[in-house]
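could you look at this predicted model? Sequence included:
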Amino acid sequence: MRNTCLNEIHKLAKVNKKILFIGSDLGAGTLADMQQEIPDQFIMEGISEQHIIGMSAGLAMEGFTPYVNSIAPFLTRRCYEQVLVDLCLHNLPVRLIGNGGGVVYAPLGPTHLAVEDIAIFRVIPNMTIIAPCDAEEMVRLVKQTVNWPHPIYIRLAKGGDKVVSNKKNGFEIGKAILLRPQGQGLFITTGVMTQKAIEASEQLEKEGIQCGVLHVHTIKPLDYQALASLIPKVDVVVTVEEHARIGGLGSAVLEYCSDKIPKHTSKINRIGIPDKFSDKYGSQETLLEYFEITVESIKNLMKLKTRN
């Protein structure tokens, strides 16, 4: 997914001299072709993320569109004040691309997990937050970021993930995509967890339980119209995310229901990371199993709730 994202930025930059790529110690060979072809639009600043945010803000004020790429926990936690004050307060068109959203960097331990990134950016006015579900959706997303008038945070997964999106569904920032029609239940998901929700939905269908899958690639601005249309039609809603249960997609859905359709709030069930630091090392899948964010756990929760 990351390579797809960066390659699409390279394509855009070749035809638009105002598009810049700014990286933070991303390893030798990152966008080597871009560095050779259009070196004036390629900047590698090293391990200085806070500085990079300030620099990108200045460049945006001069009419450029910077695409900033770094590891998600550093880009979100370390740079929080700069993102809030330098970018969002001025509503500048800077695109922040966070590698390793969720527990991708599980082998490196809790310091490198990005499980609160959505929560801390969601509270900042003017910020747009997007988590595509696969590389093909990333291609459609990047094209739309060029003229988007606000700051954007793009949450990247590990890469090599199964493709579950479909070009015929299109892509529009702020508009969720119904990938499977609702029945008794509805999964509301984001990012690569959409893949697990689809698999759970397919397994449940074989057991006679019809569950839709609403892929919310844009967590902010949230597609309130889709929620208002779908939630009242089902008995159970399960939100699924590779993020803390506090402040993420599930919280956003609950907030909307509480404010606008309160009689449906009791339908909402959330799957995500509990309110504790991880003391585990291993693979991404190992940690997801530890936190019970698996196809089986997603399926079992929906099955339990639809039968109650």
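That came through, no problem.

residues in contact with the residue nearest the centre of the chain?
Most central in the chain under C-alpha atoms, centre = their mean is Ala131, positioned 2.1 Å from the mean C-alpha point. By C-beta atoms under 8 Å, 6 or more residues apart in numbering, the contact set of Ala131 is Gly101, Ile118, Ile154, Arg155, Ala157, Thr190, Gly191, His217, Ile219. Where you see a C-beta, it was placed from the backbone N, CA and C, and this is true even at glycine.

on the three-state scheme, the third one is what?
If I follow you right, that is Ile154. strand (DSSP: H, G, I helix; E, B strand; the rest coil).

could you check how far it is from Ile271?
23 Å (C-beta to C-beta, to the nearest Å).

ok so, going back, from the contacts of Ala131, pick the one nearest Thr239.
Thr190 (8.6 Å; C-beta to C-beta).

I'd say the closest one and Gly250 touch.
No. Under the criterion of C-beta atoms under 8 Å, Thr190 makes no contact with Gly250, lying 9.8 Å away.

okay, those two: which has more neighbours?
Thr190 (31 against 24; other C-beta atoms under 10 Å).

let me see the contact set for the more buried one.
Contacts of Thr190 by C-beta under 8 Å, 6+ apart are Ala131, Cys133, His215, Val216, His217, Ile219, Glu241, Leu249.

report how many residues lie close to Ser258.
With other C-beta under 10 Å as criterion, Ser258 counts 12.

name the element it belongs to?
Ser258 is part of helix 249-260 when elements are defined by DSSP states H and E.

which elements pack onto that helix?
helix 117-122, strand 185-189, strand 218-220, helix 224-230, strand 236-244, strand 268-273 (3 or more C-beta pairs under 8 Å, 6 or more residues apart in numbering; DSSP states H and E).

list residues touching both of Thr190 and Gly250?
Glu241.

before we move on, back to that, would you convert the helices and strands packed on helix 249-260 into CSV that also reports mean neighbour count, distance to Met44 and mean pLDDT?
Shown next, in CSV, are those (neighbours: other C-beta atoms under 10 Å; distance: least, C-beta to C-beta, whole Å; pLDDT from 0 to 100):
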stretch, mean neighbour count, distance to Met44, mean pLDDT
helix 117-122, 23, 23, 98
strand 185-189, 28, 34, 98
strand 218-220, 24, 29, 98
helix 224-230, 16, 39, 97
strand 236-244, 27, 28, 98
strand 268-273, 21, 32, 97
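
any chance of the ones you listed in CSV, with distance to Thr30 too?
Formatted as CSV, the helices and strands packed on helix 249-260 follow (distance: least, C-beta to C-beta, whole Å):
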stretch, distance to Thr30
helix 117-122, 21
strand 185-189, 30
strand 218-220, 26
helix 224-230, 36
strand 236-244, 24
strand 268-273, 29
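
and of the ones you listed, who's closest to His150?
strand 218-220 (9.9 Å).

hang on, the earlier thing: distance to Glu49 added to the contacts of Ala131, as a markdown table?
Putting the contacts of Ala131 into a markdown table (distance: C-beta to C-beta, whole Å) gives the following:
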| residue | distance to Glu49 |
| --- | --- |
| Gly101 | 16 |
| Ile118 | 18 |
| Ile154 | 16 |
| Arg155 | 16 |
| Ala157 | 20 |
| Thr190 | 24 |
| Gly191 | 22 |
| His217 | 25 |
| Ile219 | 22 |
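
among the residues you listed, which two are most distant?
Ala157 and Ile219 (14.3 Å).

list the contacts of Met193.
Val240, Glu241, Glu242, Ile293.

run through the residues that contact the closest residue to it other than its chain neighbours.
The shortest distance from Met193 to any non-neighbouring residue, by C-beta to C-beta, 6 or more residues apart in numbering, is to Val240 (4.7 Å). For Val240, the contact set (C-beta under 8 Å, 6+ apart) comprises Phe187, Ile188, Thr189, Met193, Lys196, Ala197, Ile271, Gly272, Ile293, Ile298.

and Lys167, by the same measure?
Glu136, Arg140.

number the chain from 82, please
Let's use 82 as the start, then, which means that last one is Lys248.

would you list the phi and psi of it?
phi -60, psi -30 (degrees, to the nearest 10).

distance of it relative to Asp215?
On the measure of C-beta to C-beta, Lys248 and Asp215 end up 12 Å apart.

do the same with Glu323
When distance is defined by C-beta to C-beta, Glu323 is 14 Å away from Asp215.

do I have it right that Met142 meets Leu173?
Yes. Met142 is in contact with Leu173 according to C-beta under 8 Å; the separation is 6.7 Å.

so which of the two has more stuff around it?
Just comparing Met142 and Leu173: by other C-beta under 10 Å the higher neighbour count belongs to Leu173, 21 against 11.

many thanks, have a good one.
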